[in-house]
Each structure stands twice: as C-alpha cells, then as structure tokens.
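In: 3D, please:
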Amino acid sequence: MSRLRAQNVSKLFGRKAEEGARRLAKGATVDEIRELGVTPAVVDASFEVDEGEIFVVMGLSGSGKSTLIRMLNGLLPPTSGHVEIDGTDISGLGGKALRAVRQAKVSMVFQHFALFPHCSVLTNAAYGLEVQGVPKGEREKKAKEFLRLVGLEGWEDRLPGQLSGGMRQRVGLARALAAETDILLMDEAFSALDPLIRREMQDLLLELQADLGKTIVFITHDLNEAMRIGDRIAVMREGSIVQVGTAEQILTDPASGYVAQFVADVDRTRVLTAASVMERPLATVASTDGPQAALRTMRESQASAAYVVDGDRRLVGTVRADAVAEAGNGDGAVLDGLIDKGMNPVAPHTAVAELFTRCAESPLPVPVTDESGTLLGVIPRVRLLAALGAVNGETAASTESLQRRGEEATSVDA
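Out: This next block holds a predicted model:
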C-alpha cells in the first residue's frame, strides 16, 4: 500500500515561477524556463513509496534532492503538482492542518543533526513528543526507549557538544523514531560522518527497519549507500527523476547513458544476488523415485547429476549418474542410500561476492533455496561469470581461480 505519493511535482524559484510551471506543462524545456529567469529545482517528479519501504533518492549535488524531500512534508510548497500522505493532499493544507499532519505522520532526520546545543540528549530525543503535547514523564520514557535502541543508553544527561558526530546523528534518529510517526524522511543523514561511522549508521538503520518497518525516504549523493540500503532508488538529474527501480534493475538495465555512467564504477558483486544469477537446474528427481527413473531423467537432460527434492520441492540432496547406474534397479530399490546430503545451499539474497569460493569448491552448481528449503534454482560457474560481465580488480583473482577450476566442471555446468 502506498503511504506517500508525489504526482507531477515541480518546484521553480524566481519571480516568474508560476509562468514557468505553465510553460513546462505545455512542453517547454528546462532551458527555455531558465530564459525566464526561473530556476527549476524539481521538474515533474512522480513516484510512490510503499508502506515499510526504504525509498532512496540519489543524485549529484544540485540535482534537486533536498528540495524534493522538503516538499514531501510541506516545508516547501510545490509550484505545481501534488504530494499525498495516506491519501491526503498536503499541498493545499493550511498551516495548522499541515503541522498536524507532520506531527502525526512524518518525522525528519537532518544532515547536520539539528540538535539544541543547550539541551540534554534526553530532552533533544523527546522534543517531537513535547511538540505533540505528550506529558513529560511519558515522553521521557519513550525517548529513553529509543535512545537505547540506537545505542545511547546511559548518555541521556550529556549535551550534544560532548558527543561525537555519529552519536549526535543517533540522537537525531532517536528523536525521529520517538515521535512514532509512520514516515521517516532522511536528508543526507549520514553524509557528514566518517566512512566507518557512516557504515555503522547504515547497519543501524537496516537493523531498526527490520524491527520497526517504517516508511523511509532517504536522500543521498552516495551511490554505494543508495545501493546498500534502498529497496528502490530514484535517480535524479537536473531536477528530473530519470529512473526508478531496484539497485539491480538500475545496475543491469540503466534507463539512459547518464545512469549507465553513474553506475559504471559500482562493484556489481556487492549488488547482484544469487537470485539474479541463478537458473533452473538441468535435472531434478523426486526422493521417491527409483534409481532407474532417476537415471533416465539425467540421461534425457544430458546431466551427470541431479538434485533430489521431496514432494514440496524442498532440497534433499544430489545424486550422481554413475552411482545410480552402479546401484541398478532391483526390487524395492530407492534413491535414499545414494543421495549426497552434503550440499550447502545459499539464500536468494546472498551477494554474488560471497559466491566465488562456494562455486569454485563445489563440483556441482550451487543450489539456491528459500527459508523453507524449497529449491529455487542453481548457480553454475559459467553463469556466475557471465552475469558479472566485466569484473573489477577486486574480483579478478577469484575469476581466474574459477576459470582454472572450470576444467573440472561436470556436464551439469553446461
């Protein structure tokens, strides 16, 4: 279900902004609008953010990201278009009604913390609840709970100036979470932090999201950050959204040359997953099949081994054709004693970077299973390499190792 929707939203700055918006609606170009003395910060942006989704807006400095996020909670009114929160168009709301929506629905985490320097960590974390009129005892109790969640238990009485940058950002996050709104807007929230602290904050955000299930719009200019935390990503250029998709979709199917250039240096092995490179196994047999039936299936598929599944397609193990052929098909013959149950499957979300060693060491394509053990697909070595295309220097050694071991691959890898 969509919690937040932007429909053809534009924000133009200048004395003739309204005229610029009318011309844009009639098909004028951005350059033509600039000739009016109008600066187009956001141009005709449309997207929806689903409940529980981390939606990342990514672009270079000056692409319109921060202007866009400030229209999503009414800090900036759009020149044209509409912003809806839970079906309510906030673009036409007056001051009191808009403040009520913000207090009940939307919290924001800023790039430079925006803490009150003279107030304690606890008071800062409880500020959103104070604005809502929550009694002091109740708001401090909730603030302490969220300070604990972000790892600041015991720091409640400190002042912001006594904290590191990462800790101050944790206070800002705790303040936004303590307000208990469903939607969280984060404007370059981690960009002022050192790389290691930034990574810790990304980990923290993902952990909290797994528990709390907020609807998050996250603004960043860092491509790796966007790829790491975003369920979906919107790429902006000169005020316009040029592509919306998952990290994998943007990486493998860029909508334009600009997007392709933008993602050219991304380590594909950290974005692509087992689910994106797997394929159907050449041969599968039921655990109730006899050796002769299993051997026939492998011969028809021209495979030297098969994956054994139960009645619910849960992976049981593998059998090899030579072992089955030796066993024959006597009375009551079953596969059970021939099954190798030592295959260690991978989850569909496993990053490709974690598959090189597994594929290199496995005599058969590595199986991919879901949480219930259902066989979803397999990853042959040649498929892994083909999916990567051009690999970077970091994975070159692993690639060479796979190529050397490729001579040992069975016909199942074909």
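
In: what's around His82, how many residues?
Out: The tally of other residues near His82 (other Cβ atoms under 10 Å) stands at 15. The way it works is simple: take the backbone N, C-alpha and C, and place the C-beta from them, glycine included.

In: next, it: secondary structure please.
Out: For His82, the secondary-structure state derived from DSSP: H, G, I helix; E, B strand; the rest coil is strand.

In: residues contacting it?
Out: Arg5, Ala6, Gln7, Asn8, Val9, Asp89, Ser91 (Cβ atoms under 8 Å, 6 or more residues apart in numbering).

In: only whichever of those residues are buried, select them in PyMOL.
Out: Burial among these is assessed by 16 or more other Cβ atoms under 10 Å; the matching PyMOL selection reads:
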select buried, resi 5+6+7+9+91
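
In: who does the strand or helix carrying Ile216 pair up with?
Out: Ile216 is located in strand 215-220, with elements delineated by DSSP states H and E. The strands beside strand 215-220 in its sheet (DSSP bridges) come out as strand 54-58 (parallel), strand 183-187 (parallel).

In: how about a markdown table for those strands, with distance to Gly161 added?
Out: Formatted as a markdown table, those follow (distance: least, Cβ to Cβ, whole Å):
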| stretch | distance to Gly161 |
| --- | --- |
| strand 54-58 | 31 |
| strand 183-187 | 22 |
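
In: closest one to Pro367 among those strands?
Out: Pro367 sits nearest to strand 54-58 of all those, at 29.4 Å, using Cβ to Cβ.

In: not counting sequence-adjacent ones, nearest residue to Tyr258?
Out: Arg237 (5.8 Å; Cβ to Cβ, 6 or more residues apart in numbering).

In: should've said Pro348
Out: Leaving out its chain neighbours, the residue that sits closest to Pro348 by Cβ to Cβ, 6+ apart is Ala275, at 3.7 Å.

In: can you show me the helices along the stretch 251-400 of the chain?
Out: 257-262, 268-271, 274-277, 291-300, 321-327, 356-361, 381-388, 393-405 (DSSP state H, counting those that start in this stretch).

In: what's the first one packed up against?
Out: In this case it means helix 257-262. strand 232-237, strand 240-245 (3 or more Cβ pairs under 8 Å, 6 or more residues apart in numbering; DSSP states H and E).

In: of the helices of the stretch 251-400 of the chain, which is nearest Gly137?
Out: Checking the helices of the stretch 251-400 of the chain against Gly137 by Cβ to Cβ gives helix 268-271 as the closest, at 46.1 Å.

In: next, the buried residues of the strand holding Ile216.
Out: Buried, per 16+ other Cβ under 10 Å, within strand 215-220: Thr215, Ile216, Val217, Phe218, Ile219, Thr220.

In: Met108: helix or strand, and which one exactly?
Out: Short version, using DSSP H and E: Met108 is in strand 106-109.

In: so for the helix or strand following that strand, mean pLDDT?
Out: Sequence-wise, the next helix or strand downstream of strand 106-109 (DSSP H and E) is helix 121-125. The average pLDDT within helix 121-125 is 93.

In: ok now helix 121-125, how far from the chain's centre?
Out: 30 Å (Cα atoms, centre = their mean, to the nearest Å).

In: right, and the helix or strand after it?
Out: Next element after helix 121-125 (DSSP H and E): helix 127-131.

In: other SSEs contacting the helix or strand following that following helix?
Out: Moving toward the C-terminus from helix 127-131, the next helix or strand (DSSP H and E) is helix 136-149. In this structure, helix 136-149 packs against helix 121-125, helix 127-131, helix 165-178, with contacts taken as 3+ Cβ pairs under 8 Å, 6+ apart.

In: list the helices and strands the last one packs on?
Out: To tie it back to what came earlier, the one meant is helix 165-178. strand 106-109, helix 121-125, helix 127-131, helix 136-149, helix 195-212.

In: next one: the second one
Out: Under the contact criterion of 3+ Cβ pairs under 8 Å, 6+ apart, the helices and strands touching helix 127-131 comprise helix 136-149, helix 165-178.
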